[in-house]
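In: using only what follows, build the 3D model:
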Amino acid sequence: MQTLSKLETQNRQIKTRFEIELLLCCARTHFNHSTTERIKALVQENIDWEYLIQTAYRNGVIPLLHWSLCQICPQSVPTTFQQQLQYNQYARTQRNFILTSKLLKLLELFEANNIPVIPFKGPILAISAYGDISRRDFYDLDILVSKQDFWKTKELLADQGYQPYSNSSEKEAIYLNTLNAEQQKAYLESHWELHLVDECNRITIDVHHGMLPKQFSFLFDTEWIWKDAQLKPFANKMVLNFALEDLILILCSQGAKDCWLQLNRVCDIAQVIRTSCEMNWERICERAAKLHMTRILLLGLLLAHELLEVELPKSILQQIQASPLLKSLSSQIYTQLFYTTESSLENWKVRSSFFHLKMIEHPWHKIRYCYEHLLVPTVADRVILPLPNFFSFFYYLVRPIRLITMYIIRVLPSKRYSK
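Out: Numbering: from 1, shown residues only. From the prediction side, this is the model:
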């Protein structure tokens, strides 16, 4: 049975190699002659269009697939799938315009209340890197505020109908609304973002005061981001944006945080590089080294280079080639992007933790990651077992017990039945 499974996997990979190559050729907005001709040749193959579109959806690049096919070979797409792509493009564009309109109103609100904010990803990245708000998928709005303005921003948005929500627990969201000043300070020390939702208009906002969880201590502090932020035009307004070099580091860090689970993260990096006239690579590498995130930077650039043919400086390519770990990880990520099944995502949180440890360079940061992840209590721990303040030290026992229950005991039955 094991041999048959491997054979089936190999056959599936052979069958879908054209679809994957076609998707990678289309996942961009800039085409040279050879890429254009390759797309025209690939669509003449026996393409599994349903698989291609499903893979594009899963990787968050369906807008790019649709746009590229329309630009290069619209007549080669079967009518049924062409109609499906057009309908979804219309719905996506409508949603993106609604979110952009909401962002502009929020920016006016923050300005009126003297709260500096940096909007990122979402419509900002769609316009600046992709040149069109409909070419990038986004479902929420992300804003960065300073740490001292974090709770002020939360209260301001609460007055506009936005309430905290949590993917793990409704009680956790309620808990966030009842924090006193001391608890708010503790929350800021351990969390880098807060999810808020307007249920009436179905608008979600992620308010950040850091770019990564505290476990990644090198990007929990954002003073360097604010120092380099620049005013740039957006929809007839001047809006704070990340400096170009900082944006590359941030995009690479966001991809690493999510373990490069979707191709769209790689597309963001590729688009920023391709649409930027001037890129100070020396400054990027110096800052990455200072923040102990050279490995995170190089992996993101390697993926953009290998998957989307982004040209990189010779010095960076030499650093990449000198690291067997980066080549190994890029191969694993390729398999994950295009041959992932639901069963292979089992126990994903445990696997992602090991990936994060590989990304962290400094030994002390690895120790701190394990400490923060395994021992430091979270909001969920406090919600599940409310304790008086003088018993709060018990949460350091509750945390590892919860993790054992969630990620070890739960896996044992599935392993038993798989034997």
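
In: residue contacts, Ser392?
Out: Pro377 (Cβ atoms under 8 Å, 6 or more residues apart in numbering). Using the backbone N, CA and C atoms, a C-beta is placed for each residue, glycine as well.

In: where does the closest residue to Leu42 other than its chain neighbours land on pLDDT?
Out: Excluding its sequence neighbours, the residue lying closest to Leu42 (Cβ to Cβ, 6 or more residues apart in numbering) is Leu22, at 4.3 Å. What the model reports for Leu22 is a pLDDT of 97.

In: from what I see, Leu22 and Trp49 are in contact.
Out: No - judged on Cβ atoms under 8 Å, Leu22 makes no contact with Trp49 at a distance of 10.0 Å.

In: the two: which has the busier surroundings?
Out: Leu22 (25 against 17; other Cβ atoms under 10 Å).

In: now the more buried one: how far from Glu45?
Out: 8 Å (Cβ to Cβ, to the nearest Å).

In: same thing with Val207?
Out: Using Cβ to Cβ, one gets 46 Å for the distance from Val207 to Glu45.

In: same drill for those two, tell me which one is more crowded.
Out: The residue with more neighbours, out of Val207 and Glu45, is Val207; 23 against 12, by other Cβ under 10 Å.

In: all strands of the stretch 51-200 of the chain, in order?
Out: Assigned by DSSP state E, counting those that start in this stretch, the stretch 51-200 of the chain shows strands spanning 117-120, 141-145, 163-164, 193-198.

In: can you list those in CSV and add mean neighbour count, distance to Val272 and mean pLDDT?
Out: Converted to CSV, the strands of the stretch 51-200 of the chain look like this (neighbours: other Cβ atoms under 10 Å; distance: least, Cβ to Cβ, whole Å; pLDDT from 0 to 100):
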stretch, mean neighbour count, distance to Val272, mean pLDDT
strand 117-120, 21, 12, 96
strand 141-145, 22, 16, 96
strand 163-164, 18, 31, 84
strand 193-198, 19, 22, 87
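
In: and of these, who's closest to Gln89?
Out: strand 141-145 (20.8 Å; Cβ to Cβ).

In: describe which strands the closest one pairs with in its sheet and in which direction.
Out: Strand pairing for strand 141-145, using DSSP bridges, gives strand 117-120 (antiparallel), strand 203-208 (parallel).

In: how far does it sit from the chain's center?
Out: 14 Å (Cα atoms, centre = their mean, to the nearest Å).

In: list the contacts of it.
Out: 99, 102-103, 106, 110, 115-123, 153, 203-209, 211, 222, 225.

In: quick one, which of those are buried?
Out: For the contacts of strand 141-145, a burial check counting by 16 or more other Cβ atoms under 10 Å picks out 99, 102-103, 106, 110, 115, 117-123, 153, 203-209, 211, 222, 225.

In: so what touches stretch 120-132?
Out: With Cβ under 8 Å, 6+ apart as the criterion, stretch 120-132 contacts 29, 67, 96, 99-100, 103, 133-136, 138, 140-144, 232, 234, 239, 241-242, 247, 250, 254, 268, 271-272, 275.

In: helix or strand for Cys285, which one?
Out: Under the criterion of DSSP states H and E, Cys285 resides in helix 281-290.

In: which other helices and strands contact that helix?
Out: In this structure, helix 281-290 packs against helix 244-257, helix 294-308, helix 314-321, with contacts taken as 3 or more Cβ pairs under 8 Å, 6 or more residues apart in numbering; DSSP states H and E.

In: buried residues in that helix?
Out: 284-285, 287-288.

In: max pairwise distance over these: which two?
Out: Pairwise over the buried residues of helix 281-290, using Cβ to Cβ, the maximum falls at Cys285 and Arg287, 7.4 Å.

In: helices and strands around the biggest helix by length in the chain, which ones?
Out: Identified as the longest helix of the chain according to DSSP state H is helix 79-112. Applying 3+ Cβ pairs under 8 Å, 6+ apart, one finds that helix 79-112 makes contact with helix 49-58, helix 62-72, strand 117-120, helix 122-130, strand 141-145, helix 150-159, strand 203-208, strand 237-241.

In: sec struct for Lys232, please.
Out: On the three-state scheme (DSSP: H, G, I helix; E, B strand; the rest coil), Lys232 is labelled strand.

In: show me the contacts for the residue lying closest to it once chain neighbours are set aside.
Out: Nearest residue to Lys232, sequence neighbours excluded (Cβ to Cβ, 6+ apart): Asn241, at 4.5 Å. Neighbour list for Asn241: 118, 120, 124, 128, 229-232, 234, 247 [criterion: Cβ under 8 Å, 6+ apart].

In: repeat the analysis, applying 7 Å as the threshold.
Out: 118, 124, 229-230, 232 (Cβ atoms under 7 Å, 6 or more residues apart in numbering).

In: low-confidence ranges in the stretch 301-419 of the chain?
Out: 340-347, 378-385, 389-391, 393, 406-419 (pLDDT under 70).

In: the helices in it, which residues?
Out: Assigned by DSSP state H, counting those that start in this stretch, the stretch 301-419 of the chain shows helices spanning 314-321, 324-339, 348-359, 363-374, 379-384, 395-404, 411-418.

In: report all helices and strands that the longest one contacts.
Out: The contact analysis (3 or more Cβ pairs under 7 Å, 6 or more residues apart in numbering; DSSP states H and E) places helix 324-339 against helix 294-308.

In: one more pass at 10 Å, please.
Out: With contacts taken as 3 or more Cβ pairs under 10 Å, 6 or more residues apart in numbering; DSSP states H and E, helix 324-339 sits against helix 2-26, helix 49-58, helix 263-275, helix 294-308, helix 314-321, helix 348-359.

In: reformat those helices as CSV; add distance to Tyr396.
Out: Shown next, in CSV, are those (distance: least, Cβ to Cβ, whole Å):
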stretch, distance to Tyr396
helix 2-26, 43
helix 49-58, 38
helix 263-275, 34
helix 294-308, 29
helix 314-321, 40
helix 348-359, 19
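
In: ok, which of the ones you listed comes nearest Ser328?
Out: Using Cβ to Cβ, the nearest of those to Ser328 is helix 348-359, at 9.4 Å.

In: distance to Phe394 for the helices and strands packed on helix 79-112 - can I get that in JSON lines?
Out: Converted to JSON lines, the helices and strands packed on helix 79-112 look like this (distance: least, Cβ to Cβ, whole Å):
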{"stretch": "helix 49-58", "distance to Phe394": "42"}
{"stretch": "helix 62-72", "distance to Phe394": "48"}
{"stretch": "strand 117-120", "distance to Phe394": "38"}
{"stretch": "helix 122-130", "distance to Phe394": "40"}
{"stretch": "strand 141-145", "distance to Phe394": "33"}
{"stretch": "helix 150-159", "distance to Phe394": "27"}
{"stretch": "strand 203-208", "distance to Phe394": "30"}
{"stretch": "strand 237-241", "distance to Phe394": "43"}
